[in-house]
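> 3D model of this:
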Amino acid sequence: MTESRFHPERLLVAGVLLLLVWLPLPLGSNRDWSAAFLILSTCALAAGWALLRFHQKASPSTSLRKAMLPLALLGATQVWVLIQWLTGISQDVGSTFRYLLMGIAYSLLYLLVVDLFRTRRRLSILLGVLVASGVFQAFYGTIMTLTGIEWLLLEEKSFHISHATGTFVNRNHLAGYLELTLGCGIGLLLALRGEGRFRWAAVFDTLIGPKMRLRLGLVIMVIALVMSHSRMGNTAFFSSLLIIGGLFVLIDRQNRLRNGLILASILLIDILVISQYFGLDQLRERIVNTRMAEVVVDGQVVERANEFRGIVFADAWPLALDRPLVGQGAGSFEAVFPAHAGLDVPLHYDHAHNDFLQFLIEYGALGSLPLVAFVILSFGLAIRAMLERKSLYRSGLGFGMALAILSLMIHSFTDFNLQIPSNAATFVVVCAVALLANYHRVGAGRRGEPSVGFRRDPARRDEAIAEELRTPVRELVSADGNHPAR
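As a prediction, this is how the structure comes out:
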């Protein structure tokens with residue numbers, strides 16, 4: 001039975017999409033009031049979802065059943081943070097309580113995405129909205145930098161002048177957000193590849209045809225990534241693209257030439273041609289001039305260090321060794337680090353600029369290991385979908401999510417994107433999409449579940465797919481009828 005036009009579940013879907021677009025706007029939601037809004041909104045949406053499911057009295061969807069293990073891993077970490085807060089383990093009880101609420105919000109967001117976006121139609125819309133949000137951030141940041149206006153959304157910029165930051169304070173956080181949305185965009189572009197024999201016309205149609213709006217969005221995001229001048233952001237994204245792209249081209253022999261040309265266009269056109277006009281030389285110069293230590297000649301300091309993250313890492317490492325099992329308490333880094341910072345650390349550090357080290361310091365092994373397992377599981381699900389040969393859509397999504405996850409993990413060695421609510425929430429959504437790439441449904445029966453007739457009658461399945469292609473997502477990405485039928 002087809003869903004009613006005003007079905008309550010559609011309101012929940014719209015609420016999640018609006019929340020995802022909103023999160024980056026108020027400085028990445030990295031303020032108390034915007035973080036509180038994220039918590040309250042997610043809890044309200046989850047409460048509405050629970051009431052709806054209770055009223056329907058229906059069995060859990062396939063995607064929700066498959067999400068039990070990832071949800072259990074996320075839940076295990078929140079239980080440990082609760083123990084830190086209640087038992088006095090935490091060195092900063094207030095921050096630990098805040099991190100507990102944020103962790104619960106992220107877990108509920110994962111739950112909402114895996115169940116509400118269980119069909120291909122909704123999954124495509126979700127990815128399209130994330131891409132649109134990334135394009136807005138990229139365009140806004142680029143325009144602000146090129147015009148010299150240098151404003152955030154509602155206030156003038158004080159830091160990272162002449163670097164693209166979007167509506168984020170820190171250029172590295174814009175870079176981290178773009179890494180995730182670029183993964184979504186590239187995954188969607190590959191998911192919409194045409195089937196059948198290789199034709200040059202199909203390749204050019206993908207690059208400059210009706211899908212050009214999506215392709216143009218990728219170009220804008222790459223330009224903003226370069227203009228952010230984030231060293232590790234660019235290094236992480238393009239190295240991940242080479243790694244995952246090389247693996248993708250090698251394993252899919254049937255579509256090797258088509259896939260290789262699409263990925264080569266992203267690398268060659270975006271980096272070597274377009275980015276030359278938008279700050280690629282400045283990025284290269286910033287990477288080359290990075291100095292981790294002072295340059296001393298004949299006992300005289302001729303060049304001082306301009307990068308202190310290595311020093312911060314060395315000073316913060318003893319904090320991890322002090323309580324390797326239980327940690328210092330979630331969110332407590334800013335409270336405990338000043339006592340261990342040396343005189344050669346000239347700035348105030350509220351984060352370790354290394355997410356892995358900060359999680360180990362704050363959560364300890366007991367709280368960090370479930371998160372590590374969650375990320376590894378999500379990356380494995382993305383790779384599994386990418387290896388799917390019977391569905392171009394699933395393999396394309398798997399590629400995009402594997403790219404996004406790997407890129408942000410590499411970036412996390414030198415930055416703290418996972419401490420920024422908008423980026424952490426978007427990363428959780430990417431991990432949910434990695435699961436949905438394997439377990440989403442093409443045709444919708446009751447509550448979005450596949451009807452038996454679709455499995456037994458391919459013609460009915462194809463008719464359902466054709467109906468899905470007449471949705472708003474077609475307007476968004478301009479699919480040209482070559483949407484895969486699996």
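> the strands in the stretch 151-300 of the chain, which residues?
Using DSSP state E, counting those that start in this stretch, the strands of the stretch 151-300 of the chain run over 295-297, 300-303.
> Leu38: what's it in contact with?
The contact partners of Leu38, taken as Cβ atoms under 8 Å, 6 or more residues apart in numbering, are 19, 23, 29, 102, 105, 421, 425. For every residue, glycine as well, the C-beta is placed using N, CA and C.
> List the buried residues for the helix or strand where it lies?
Assigned by DSSP states H and E, Leu38 falls within helix 32-56. Residues of helix 32-56 classed as buried by neighbour count (16 or more other Cβ atoms under 10 Å): 34-35, 37-39, 41-42, 45-46, 48-49, 52-53.
> For the longest helix seen in the chain, name the packing helices and strands.
Counting by DSSP state H, the longest helix found in the chain is helix 355-386. Judged by 3 or more Cβ pairs under 8 Å, 6 or more residues apart in numbering; DSSP states H and E, helix 355-386 is in contact with helix 68-87, helix 231-251, helix 309-322, helix 333-336, helix 392-411, helix 421-439.
> picking up where we left off before, and the contacts of Leu38 as a markdown table, adding distance to Ala365, pLDDT and secondary structure?
A markdown table is the format used below for the contacts of Leu38 (distance: Cβ to Cβ, whole Å; pLDDT from 0 to 100; DSSP: H, G, I helix; E, B strand; the rest coil):
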| residue | distance to Ala365 | pLDDT | secondary structure |
| --- | --- | --- | --- |
| Leu19 | 32 | 98 | helix |
| Leu23 | 30 | 98 | coil |
| Ser29 | 29 | 97 | helix |
| Met102 | 21 | 98 | helix |
| Ala105 | 24 | 98 | helix |
| Pro421 | 25 | 98 | helix |
| Ala425 | 25 | 98 | helix |
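> Just give me the closest of the residues you listed to Ser391.
Checking these against Ser391 with Cβ to Cβ, the nearest one is Ala425 at 27.8 Å.
> thinking again about what came up before, show me the one of the helices and strands packed on helix 355-386 that comes nearest Glu150.
Here helix 231-251 is closest among the helices and strands packed on helix 355-386 (Cβ to Cβ), at 19.4 Å.
> Contacts made by that closest one with the rest, please.
With Cβ under 8 Å, 6+ apart, helix 231-251 has contacts from 171-172, 175-176, 178-179, 182, 186, 225-226, 228, 256, 259-260, 263, 266-267, 271, 283, 286-287, 290, 386-387, 395, 399, 402-403, 406-408, 410-411, 413-415.
> how about 6 Å then?
172, 175, 179, 256, 259-260, 263, 287, 399, 402-403, 406-407, 410-411, 414 (Cβ atoms under 6 Å, 6 or more residues apart in numbering).
> Just the closest of the residues you listed to Met144, please.
Nearest to Met144 among those, with distances taken as Cβ to Cβ, is Ala175, at 15.2 Å.
> you'd agree the closest one is up against Ser230?
Yes - under the criterion of Cβ atoms under 6 Å, Ala175 makes contact with Ser230 at 3.6 Å.
> Same drill for these two, tell me which one is more crowded.
Ala175 (34 against 30; other Cβ atoms under 10 Å).
> Quick one, grab the pLDDT at that one.
Listed pLDDT for Ala175 reads 96.
> List the residues that contact it.
Ala175 neighbours (Cβ under 6 Å, 6+ apart): 225, 228, 230, 233.
> Show the backbone phi and psi for the third one.
Torsion angles at Ser230 (phi, psi; degrees, to the nearest 10) stand at phi -80, psi 110.
> Ok, the second one next?
Its backbone dihedrals place Ser228 at phi -70, psi -20, with angles given as degrees, to the nearest 10.
> How much space separates it from Gly166?
8 Å (Cβ to Cβ, to the nearest Å).
> if I look at those two, which residues touch both of them?
Common neighbours of Ser228 and Gly166 (Cβ under 6 Å, 6+ apart) are Leu174.
> remind me which residues of the stretch 351-486 of the chain are low pLDDT?
443-486 (pLDDT under 70).
> The same query, at a cut-off of 50, please.
Where the stretch 351-486 of the chain drops to pLDDT under 50, the residues are 445-486.
> circling back: which of the buried residues of helix 32-56 sits closest to Arg323?
Nearest to Arg323 out of the buried residues of helix 32-56 is Ala35 (Cβ to Cβ; 25.7 Å).
> contacting residues around the nearest residue to the closest one once chain neighbours are set aside?
Leaving aside its chain neighbours, Ala35 sits nearest to Pro421 (5.3 Å; criterion: Cβ to Cβ, 6 or more residues apart in numbering). The neighbours of Pro421, taking Cβ under 6 Å, 6+ apart as the test, are 29, 35, 38.
> Repeat that for Leu108.
The contact partners of Leu108, by Cβ under 6 Å, 6+ apart, come to 42, 46.
> Let me have the contacts of Pro421 in a markdown table, extended by distance to Val336.
Output for these, formatted as a markdown table (distance: Cβ to Cβ, whole Å):
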| residue | distance to Val336 |
| --- | --- |
| Ser29 | 24 |
| Ala35 | 21 |
| Leu38 | 25 |
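> Show me which of the residues you listed is closest to Gln84.
After measuring the contacts of Pro421 against Gln84 - Cβ to Cβ - the closest member comes out as Ala35, at 18.8 Å.
> how much space between that closest one and Leu268?
Ala35 is 41 Å from Leu268, by Cβ to Cβ.
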